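> model this:
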Amino acid sequence: MCIVAYAILPKPITLGLSLKREVAGIKIGISIPRLPDANAIRKFASTAEKLGFESILAGDHIILPTAGTNQYPYTADGSFQRPSDEPFLETMTMLGYIAACTETIKLGSTVIILPYRNPIVQAKMFASLDVLTGGRMICGVGVGWLEHEFDTLGIPYDQRGPMSDEFLQIFKSLWTESEPEFHGKYYNIEGIQFYPKPIQQPHIPIWVGGHSRRALRRAAKYGDCWHTTRQTPDFVGQNLPYLRDQTEQAGRNPADLSISLKRSLYFTDIGTGEGKSVLTGGVVIGTTREVVDDVYYCKEIGIDQLTYDFRVEGFDAQIQVLEHLAKEVLPVANRLG
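Numbering: from 1, shown residues only. Below you'll find the predicted structure:
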């Protein structure tokens with residue numbers, strides 16, 4: 001039986017009967033596992049590209065507390081405990097390395113925590129990588145949730161929302177205007193040039209993460225995609241009417257905003273042991289057929305892209321799941337069009 005944590009699993013779907021197939025295919029991306037070995041990262045990224053996945057996305061933390069936290073938004077009790085020596089490579093540095101190891105697959109963040117870096121420097125990083133990759137970057141953004149991390153970096157935790165809103169406005173100004181200018185509470189920009197501009201036009205796609213109403217309003221106002229994580233398809237479906245309403249209120253066409261869902265995945269029928277990482281909300285645990293059914297259900301709801309990380313331990317198991325996903329699920333997702 002397929003399990004989706006913290007939600008009732010939708011009734012399994014009979015393929016070819018209950019869903020209309022005349023819809024665009026659903027894209028599948030991969031969240032890069034925490035691999036401190038350069039050769040392992042290169043092999044994982046090049047394998048994902050060779051197998052035909054849409055994107056490779058990287059998470060973002062600068063530090064993690066040794067004592068854990070009760071603030072994690074994606075577990076029932078807020079608990080989040082990682083090994084104190086777990087590697088967490090800096091996101092933009094790792095994306096630059098992966099860019100040099102690949103040629104066609106899209107690369108991005110899931111998600112960059114906006115207040116952690118100067119917005120002008122961050123915009124320059126993304127623009128530079130977009131140029132160097134020939135226009136392959138995705139700018140996934142979030143406001144952050146770990147108060148201890150904010151305190152350690154000297155950033156006001158209670159200001160992270162309005163700071164992030166300013167950052168997104170600054171990104172768009174720098175990426176699209178010949179003479180960028182912005183005046184806000186936290187930053188003022190004028191009398192500067194910012195080149196090179198990103199290759200992608202009008203700018204690098206902005207995927208706004210989060211699951212709160214504030215996050216939905218931010219996606220509606222500034223985003224090209226709502227990129228929610230650790231949620232169920234039903235949660236996404238329940239929030240789409242509000243997102244569309246907010247997008248219209250922002251003077252934008254809801255059809256221009258794509259929908260992305262990131263979750264953990266574990267196949268119960270391919271012989272890999274289940275990993276011991278935190279059991280987050282929205283996790284998919286099931287047979288290959290049940291995972292395929294879930295993909296159909298996600299597409300029916302209106303989700304355009306799924307991004308997975310894998311609940312397995314060790315590099316070899318990561319590659320095994322990657323190859324199985326590409327063989328058994330990716331062709332189905334592509335045929336949905």
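
> what strand or helix carries the nearest residue to K197 once chain neighbours are set aside?
Once flanking residues are discounted, K197 sits nearest to W175: 6.0 Å by Cβ to Cβ, 6 or more residues apart in numbering. All C-beta spots, glycine's among them, are computed from the backbone N, C-alpha and C. Element membership of W175 [criterion: DSSP states H and E] is helix 160-176.

> can you list the strands that the very next helix or strand once past that helix pairs with?
Proceeding N to C from helix 160-176, the next assigned helix or strand is strand 182-183, under DSSP H and E. Paired neighbours of strand 182-183 in the sheet (DSSP bridges): strand 188-189 (antiparallel).

> just give me how far the partner strand sits from the chain centre.
29 Å (Cα atoms, centre = their mean, to the nearest Å).

> other SSEs contacting the very next helix or strand once past that strand?
Downstream of strand 188-189, the first helix or strand assigned by DSSP H and E is strand 206-209. If you count contacts as 3 or more Cβ pairs under 8 Å, 6 or more residues apart in numbering; DSSP states H and E, strand 206-209 packs onto strand 137-142, helix 160-176, helix 213-222, strand 225-229.

> deepest of those, which one?
For the helices and strands packed on strand 206-209, the largest average neighbour count (mean count of other Cβ atoms under 10 Å) is found in strand 137-142, namely a mean of 28.

> and the contacts of it?
55, 57, 95, 106-114, 126, 129-130, 164, 167-168, 171, 198, 200, 204-210, 215, 227 (Cβ atoms under 8 Å, 6 or more residues apart in numbering).

> show the pLDDT at the residue nearest to K197.
At W175, the predicted lDDT confidence score is 98.

> check R82 too.
On the pLDDT scale, R82 gets 67.

> ok, now F88?
Predicted confidence (pLDDT) for F88: 85.

> three-state assignment of it?
At F88, secondary structure determined by DSSP: H, G, I helix; E, B strand; the rest coil is coil.

> next, count neighbours for the closest residue to it other than its chain neighbours.
Excluding its sequence neighbours, the residue lying closest to F88 (Cβ to Cβ, 6+ apart) is H61, at 5.2 Å. Using other Cβ atoms under 10 Å, H61 has 15 neighbouring residues.

> residue ranges with poor pLDDT in the stretch 51-200 of the chain?
Applying pLDDT under 70 to the stretch 51-200 of the chain flags residues 81-84.

> ok, 90 please
63-88 (pLDDT under 90).

> the residue nearest to M163 when sequence neighbours are not counted and G52, how far apart?
Once flanking residues are discounted, M163 sits nearest to P115: 4.7 Å by Cβ to Cβ, 6+ apart. Distance of P115 to G52, given as Cβ to Cβ, to the nearest Å: 35 Å.

> looking at the two, which is more packed in?
Of the pair P115 and G52, P115 is the one with more neighbours under other Cβ under 10 Å, namely 24 against 13.

> doesn't L168 make contact with that one?
No: taking Cβ atoms under 8 Å as the definition, P115 is not a contact partner of L168, at 11.6 Å.

> give me phi/psi at the residue nearest in space to the middle of the chain?
Central residue of the chain (Cα atoms, centre = their mean): T110, 3.3 Å from the mean position. Dihedral angles of T110 (phi, psi; degrees, to the nearest 10) stand at phi -140, psi 70.

> and it, what does it touch?
S31, L57, A58, G59, G140, W207, G209, H227, T229, K262, T307.

> go again with 6 Å.
Neighbouring residues of T110 by Cβ atoms under 6 Å, 6 or more residues apart in numbering: S31, L57, G59, G140, K262.

> most neighbours, which of the residues you listed?
Result: G140 is most packed of these (other Cβ under 10 Å), 28 neighbours.

> kindly state the beta-bridge partners for that residue.
Assessed by DSSP bridges, G140 has beta-bridge partners W207.

> contact partners for E166?
G184, Y186.

> same thing but at 10 Å, please
L114, P115, P119, Q159, F182, H183, G184, K185, Y186, Y187 (Cβ atoms under 10 Å, 6 or more residues apart in numbering).
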